[in-house]
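Colleague: Here's a sequence, model it:
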Amino acid sequence: MEEIIEIIENTPLRDFIPKKYLNRLKILNLSSGEYFHYSEKELNAIFFLIGGTIQIKQTTQDGVDLNYSLLHGFNVIGEKKILLGEVGEVDFCTIRDETKIIEIPLDIGIELLKDDKFKIFLLKLHCEKLHKFVWDISILHFKGVEKFLAHNILTYSTEDKFRFKNMSFLSEILSIDRKSLYNSIKKLEGKKLILRENKTIKILDRKKLEEYTKL
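Modeller: Below you'll find the model as predicted:
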């Protein structure tokens, strides 16, 4: 209970969740490689990501798995059904870092939605997630693999260091084939924007790397 109170107090949720609900919330501590999934059709909770990284894939009706998005920092999973009443495809989430999630039961979520401020807050998170997805896809398809990689290095780096498990892992989560990934890293190194050191990519000049992704 004390851990939940402390966590809530350090997130935007502190403005919306009454103390009477705190004992029904769950904290999920997940490790890299763990498999966490949910179905919009059978949604029984809303999940707030408060630390770590999750890769979301969606299975289409013909059984094709699509990389949908990487979620990082404070974010939400499972909001579409409760907000829009839509039944989507099944989303499969793979943990890509040490990750902490708050699980809020569906009935509490529905009760919270009676507060217009919470509804606006949730809609804002939903729209930001969609915008990120569209932006990521746009960079990949219109600016190429090299700038898409640079964009992800900037987004998911900590203290100008982008850490990854191995090249196969990085290729999978970014949906980039390994040859293109290696070539892109070499080109960015050649431009003196990054430096790869084993399982870490170091940003040499963040400002120039940001400018490069906008060209």
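
Colleague: Please give me every residue in contact with M1.
Modeller: M1 is in contact with L22, N23, counting by CB atoms under 8 Å, 6 or more residues apart in numbering. (C-beta placed from N, C-alpha, C; glycine too.)

Colleague: Give me the neighbour count for D116.
Modeller: Using other CB atoms under 10 Å, D116 is surrounded by 8 other residues.

Colleague: Relative to L122, how far out is it?
Modeller: 11 Å (CB to CB, to the nearest Å).

Colleague: got it, and S138?
Modeller: 25 Å.

Colleague: Can you point out the buried residues in the top helix by length along the chain?
Modeller: For the chain, the longest helix by residue count, based on DSSP state H, is helix 116-138. Across helix 116-138, burial judged by 16 or more other CB atoms under 10 Å covers F118, F121, L122, L125, H126, K129, K132, D136.

Colleague: Could you list the residues in contact with that helix?
Modeller: With CB under 8 Å, 6+ apart, helix 116-138 has contacts from 12, 15-16, 68-71, 75-76, 79-80, 82-83, 112-113, 148, 151-152.

Colleague: where's N152, which helix or strand?
Modeller: helix 145-156 (DSSP states H and E).

Colleague: Can you tell me who the residue nearest the centre of the chain pairs with across the strands?
Modeller: Closest to where the C-alpha atoms of the chain average out (CA atoms, centre = their mean) is L71, at 0.2 Å. In this entry, L71 is beta-bridged to I54, by DSSP bridges.

Colleague: How many neighbouring residues does L83 have?
Modeller: Neighbours of L83 using other CB under 10 Å come to 17.

Colleague: Tell me the spacing between it and D107.
Modeller: From L83 to D107 the distance is 15 Å (CB to CB).

Colleague: Likewise for S184?
Modeller: In terms of CB to CB, S184 sits 47 Å off from D107.

Colleague: Please say which of those two ends up with more neighbours.
Modeller: A count of neighbours by other CB under 10 Å puts S184 above the other of S184 and D107, at 20 against 12.

Colleague: Show residues contacting stretch 143-163.
Modeller: 53, 70, 72, 136, 139-140, 174, 176, 180-181, 183-185, 187-188, 193-194, 199-203, 206, 209-210, 212-213, 215.
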